[in-house]
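[1] Based on what follows, work out the 3D shape:
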Amino acid sequence: MSAQAPQRRPRAAGPRPAPARAKAPATAATATATAHAAAASPVPIGTAAARAGVSQRMVRHYEALGLLRGVARTDGGYRQYNSRDIHTLRFIRRARDLGFSMEEIAALLGLWQDQRRASREVKRIAQAHIDDLGRRIESMQAMQRSLQQLVGCCQGDGRPDCPILDDLAGTVGTDPESRAGKL
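    Next comes the predicted model:
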């Protein structure tokens, strides 16, 4: 087989296209303006969720609960979120991270959006949440102490007797034969 040189295509007649120009370097002002324009333009649910640090499912859930109101939609029915919506989603996420209930978040969100709010109401909600956390922590510490005591009583060997299971079954302090009958 003989090697042939590749054939050249004939060049089209007419003017040659102008070479591409290098873009002028972006200044800080143009970069900031571009960032603001991108942040101000509505975005789909996936982008909004990513920017807020929540899942798309949670965005829909918050909207269904009425925590996120007036979300725009395209002609095709797709949700479109603006920067205010994303800020609200971040507020909700932070409140959830602190353990506030949805009811408390709704109240806090309403206060946050009310420029004439009294901070005493916000403090009251936060203090009530702190008190609730304290009660829950005490309860969990009591559970921990009980479990530690039970684990300390358990031999953890090959025998079937287990004080942990006896306690869970409510058979602590009964004789072995009556325990066997309760199973």
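
[2] Show me what the strand or helix carrying Arg93 is in contact with.
    Counting by DSSP states H and E, the element that carries Arg93 is helix 83-97. By CB atoms under 8 Å, 6 or more residues apart in numbering, the surrounding residues in contact with helix 83-97 are 39-40, 43, 48-49, 51-54, 59, 62, 67-68, 71, 81, 104-105, 108-109, 112. Just so you know, the C-beta spots here come from the backbone N, C-alpha and C atoms, and that holds for glycine as well.

[3] now do stretch 58-73
    In contact with stretch 58-73 (CB under 8 Å, 6+ apart) are residues 42, 45, 48-49, 52, 54, 79-82, 85, 88-89, 92, 102, 105-106, 109.

[4] now do 7 Å
    Defining contact as CB atoms under 7 Å, 6 or more residues apart in numbering, one finds that stretch 58-73 is touched by 42, 45, 48-49, 79-81, 85, 88-89, 92, 102, 105-106, 109.

[5] Now, of these, which are buried?
    Among these, those classed as buried by 16 or more other CB atoms under 10 Å are 42, 45, 48-49, 79-81, 85, 88-89, 92, 105-106, 109.

[6] related to what we said a few turns ago, for the helix holding Arg93, give the mean pLDDT please.
    For helix 83-97, mean pLDDT rounds to 97.

[7] Send over that helix as CSV, restricted to the C-alpha atoms.
    The C-alpha coordinates for helix 83-97 follow below in CSV (Å, rounded to 0.1, in the frame of the first residue of the first chain):
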residue,chain,number,x,y,z
SER,A,83,-31.7,36.2,46.5
ARG,A,84,-34.3,37.1,49.2
ASP,A,85,-35.7,33.5,48.9
ILE,A,86,-32.2,32.0,49.3
HIS,A,87,-31.5,34.2,52.3
THR,A,88,-34.7,33.0,53.9
LEU,A,89,-33.7,29.4,53.2
ARG,A,90,-30.3,30.0,54.9
PHE,A,91,-32.2,31.5,57.9
ILE,A,92,-34.4,28.4,58.1
ARG,A,93,-31.4,26.1,57.8
ARG,A,94,-29.5,27.9,60.6
ALA,A,95,-32.6,27.8,62.9
ARG,A,96,-32.9,24.1,62.2
ASP,A,97,-29.2,23.6,63.0
